[in-house]
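Enquirer: Sequence first, predicted coordinates after that:
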Protein chains: 2
Amino acid sequence: MKKNEISSSALVSISSLTLKARKLEVDTRKHFVAVISNDCSLCKSAGFRTEARINIENGGHPIIATLYITRNTTISPGEIGLSDSAWEKLGVKEGDKLLVTLAETLDSFALVRAKLHGKTLSDLDYKDITNDMVEGRYSDIQLAAFTTAFVNLDRAETTSLTKAMSESGRQLKWPQYPIVDKHCVGGVPGNRTTMVLVPILAAHGLTIPKTSSRAITSPSGTADTMEVIAPVDLTIEGMRGVVEKEGGCIIWGGSVDLSPADDVLVQIERALDLDSQSQLIASVLSKKLAAGSTHVLIDIPIGPTAKVRYRDEADILKTLFLAVGQDVGLNIQIVETDGTQPVGRGIGPVLEARDVLSVLRNERDAPQDLKAHSLFLAGKILESCGRTPLGKGILEAQKILEGGRALKKFEAICKAQGGFKEPTLAPFKHVITSIQQGAILSIDNRLISRIAKLAGAPDSPAAGIDLHVSLKTVVEKGQPLFTIYAESPGELNYALHYFHSHQQVILIGDAI
Amino acid sequence: MKKNEISSSALVSISSLTLKARKLEVDTRKHFVAVISNDCSLCKSAGFRTEARINIENGGHPIIATLYITRNTTISPGEIGLSDSAWEKLGVKEGDKLLVTLAETLDSFALVRAKLHGKTLSDLDYKDITNDMVEGRYSDIQLAAFTTAFVNLDRAETTSLTKAMSESGRQLKWPQYPIVDKHCVGGVPGNRTTMVLVPILAAHGLTIPKTSSRAITSPSGTADTMEVIAPVDLTIEGMRGVVEKEGGCIIWGGSVDLSPADDVLVQIERALDLDSQSQLIASVLSKKLAAGSTHVLIDIPIGPTAKVRYRDEADILKTLFLAVGQDVGLNIQIVETDGTQPVGRGIGPVLEARDVLSVLRNERDAPQDLKAHSLFLAGKILESCGRTPLGKGILEAQKILEGGRALKKFEAICKAQGGFKEPTLAPFKHVITSIQQGAILSIDNRLISRIAKLAGAPDSPAAGIDLHVSLKTVVEKGQPLFTIYAESPGELNYALHYFHSHQQVILIGDAI
């Protein structure tokens, strides 16, 4: 039995066109959008239609964009209009000639369908998928389907995904040992321990090439908070330079091409506000693996409105973390901590940065909970590497912090990353006060975060919440509970409107 | 324990702005896209940012659009540019004043997240979700997440989804009884029995208010094929008129607002090329319920490359169809038929329409398989309603078809729907010939459909495949196997390129 073949002799390859670049001057964030004229007959005969996925090349690496057809005369036949994102990624100049082709069909998405129908994917399958993601071949809805279909993975699948993601970009190697790292599972607003413990550990002499994420579903990620103080968009060479000089860094993971598949997925997880244990572990450990870490501390806060609500949920996560860590060759230590209320006072990049600086500067009114939690984690890492005896880590960390060495190291890291700047609060604010006397019975992490987000955080870095109370604080009627900060009156109103319809943010009862 | 309240007196409601409508002249298909100027300070202070979801009102029903920010001076501050889709949906004129607000947070998506984490949703939950979908509150990635998360539902969940969808739009009631209907599960290209059996049954005197879908993952849906002969975009009043006059219609389900939630989902299923038994059943039965049907025949073709590949898979589908049918009060009859190869010769709207007309006109070279299959299904429906004794349905159907009454009724239906037109073939074609002598051992429905799609079907209605052979046909070397039709040389090349890399489309072996 033989395959039949086509009879004609010379078949031309997939049609491609050369079109002249025009800047659309439209911000579409990460999405690559291209627009051609309805009157471009060449485009039509090449089969280009609205919402088609197209390849665009400018000599170097091609991008895949979504195409729209316009009857507007701004774009002439023979031209292709590009969104800011596509313009920058391709590095084009007005009038450059770009090679444009219809994008090939996406074979690896068949694996996503197969997974949905019960198939177990191989390491190679995961590599195919993550490679296509990093190359920008997945459309947003395909990414959304992937994220949803891969919500619940077992140990082997999570390991496969972790490895594939860690190999999806650059991979750092260091001459030193150990290389320490830390990650907090999150859900607790204001919990910016990284910015305190990295300078403590680096001042001690450990190597901690820390990359952090921007907010996924929260009002701020560590990268967002650090960014209001110092640049975080370093190249991988820049990052290496900072770590070689200062022993540590606090930068955004997305700019150094470590596990870039994670950065692609995070965009969609953020938009869907969707959580997955397997994707969380793959996300965290792929970054650590790619960064060359050997010892990783994972902080799992537990609380009714934290990301992890129950101890048994934390234990499942812990087990999966340890198992996958073992499979990929990382020394993992897990701590389960108190996640019943925000840490520090500020929620949102600028307000959190203010808290961090206050702790590092040993100011008298610095938030003690942020300080204590940072020292606890730094101590655990010192102990796990054998730098101090068990039980002595916190004291060593405290000595470094209170002696001013951590502040000095933090300032040196900021300088090495591109310069320190003092953050400024937002111009619009509204104080929420208590309508009764009593004790604070609960603070809802999720609702307070939601208000900070609606106020504009993290896109408006100075927006957010400043908490004036914590659990068990006894308040008088009329006493301020928290202040909402926003960069515009509209956003302030939007946040207040939400607060109006969800008033269980802070519960106050008779003093206990 | 009391809730705290905010202290300030008058809080304004969510910020809204009045902006002047401008037509962007950009085709974004079903998506509503809006663009404002980077220099609009009012917009900024209202918290509008790029990719925000916004409500737009023009007196009537609001739409939800995705917002982009431009620095292009085409759109001035105080103006809002709209895609064609948004422009038409809002029914605006250039310069109209539109009320624009940030869209509220989407509470029902929390139900999708809950489902992913194992929660069983209630009837009310499904209603909340489908209502939000129909109101356009779900973004595309949220729809993709829904479709993926709800791939595998049990009987009760499928019933809930079916009921919610059937109540998501208009619901027809008819004075006659029975109201018959038919659906083919699909996967078999060219299988346009609806267009033959509706005129047969209507000519017999039965009432068959048939709505069909456009292609989801195939090169043509019945609505696409019918549309090249007669208008299918009727209003519900128009549909009622046709059915009252002629006893039947063949129209697109999307224009009559029957189960509009289905139309929303179909867009995403089409883009993801994702199949789900539960969503298939909910899609089919919600349309039938809303159309007022009482007796529904479901045709399940089985074949290695049909949608349903194995008899036990068909049996699972059959069981779920019958169970959900019972739960929602429909009389369901299931037939499992041969799906091993395409039905008729044409694949793609125009080529299929040509086959249908040839059968209705009793032309000598009409495809006999399409005729036989249509008569079989029409006969089953006649029998299930007691219009003929068991076993006599086919003969009655054949009498109506061969006597010319079906053609007459079809022409009358076309006229009632807005007028008959003869379809025309595409200008570009390429004949694929056999490179060996032998018998046709297999024809891959999926690959041949994929080629027809890459050639442009159904968006380019005249594009597609014309098959010159069927299973067991003995061919000589050089004998034509099929012809690819396209409306542009680029699309023709694209289809040929795919054929080149997937040559197992038709297998030829030694004569058996």
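Expert: Done, it's in. Residues are numbered from 1 along each chain as shown, chains lettered A, B, ... in the order given.

Enquirer: how is chain A carved up into domains?
Expert: Domain segmentation of chain A under automatic domain parsing yields A:8-102, A:109-166, A:180-254+A:271-417, A:428-509.

Enquirer: Output the ones you listed in JSON lines, with distance to chain B and mean pLDDT appended to each entry.
Expert: Every C-beta, even on glycine, is put in place using the N, C-alpha and C of the backbone. Conversion of those to JSON lines gives the following (distance: least, C-beta to the nearest C-beta, whole Å; pLDDT from 0 to 100):
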{"stretch": "domain A:8-102", "distance to chain B": "4", "mean pLDDT": "84"}
{"stretch": "domain A:109-166", "distance to chain B": "4", "mean pLDDT": "94"}
{"stretch": "domain A:180-254+A:271-417", "distance to chain B": "5", "mean pLDDT": "96"}
{"stretch": "domain A:428-509", "distance to chain B": "4", "mean pLDDT": "92"}
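
Enquirer: Now mean neighbour count and distance to B:C43 too, for those domains, in TSV please.
Expert: Converted to TSV, the domains of chain A look like this (neighbours: other C-beta atoms under 10 Å in any protein chain shown; distance: least, C-beta to C-beta, whole Å):
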stretch	mean neighbour count	distance to B:C43
domain A:8-102	19	13
domain A:109-166	20	24
domain A:180-254+A:271-417	22	21
domain A:428-509	21	9
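
Enquirer: Check whether A:P231 really touches A:G419, as I assumed.
Expert: Yes - here A:P231 lies in contact with A:G419, judged by C-beta atoms under 8 Å, at a distance of 7.0 Å.

Enquirer: rewinding a little: distance to B:L289 added to the domains of chain A, as CSV?
Expert: Output for the domains of chain A, formatted as CSV (distance: least, C-beta to C-beta, whole Å):
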stretch, distance to B:L289
domain A:8-102, 31
domain A:109-166, 27
domain A:180-254+A:271-417, 31
domain A:428-509, 35
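
Enquirer: quick one: contacts for A:E411?
Expert: Each residue near A:E411 by C-beta atoms under 8 Å, 6 or more residues apart in numbering or on different chains is listed here: A:F420.

Enquirer: Secondary structure class of it, three-state.
Expert: Three-state call for A:E411 (DSSP: H, G, I helix; E, B strand; the rest coil): helix.

Enquirer: what does A:K399 give?
Expert: For A:K399, the assignment made with three-state DSSP gives helix.

Enquirer: Nearest residue to A:G254 in space, ignoring adjacent ones along the chain?
Expert: What sits nearest to A:G254 in space, not counting adjacent residues and going by C-beta to C-beta, 6 or more residues apart in numbering or on different chains, is A:D263, at 4.5 Å.

Enquirer: What of A:L289?
Expert: Leaving aside its sequence neighbours, A:L289 sits nearest to A:S166 (C-beta to C-beta, 6+ apart; 3.9 Å).

Enquirer: Please, which helix or strand holds the residue nearest to A:G254?
Expert: helix A:260-272 (DSSP states H and E).

Enquirer: quick one, strands of the stretch 101-250 of chain A?
Expert: Counting by DSSP state E, counting those that start in this stretch, one finds strands in the stretch 101-250 of chain A at the ranges A:180-184, A:208-212, A:248-252.

Enquirer: partners of the last one, with directions?
Expert: In this case it means strand A:248-252. With DSSP bridges as the test, strand A:248-252 is paired with strand A:208-212 (parallel).

Enquirer: How about residues contacting the partner strand?
Expert: A:172, A:174, A:179-182, A:194, A:198, A:201-202, A:221-223, A:226, A:232, A:239, A:243, A:247-253, A:256, A:258, A:287, A:291-293.
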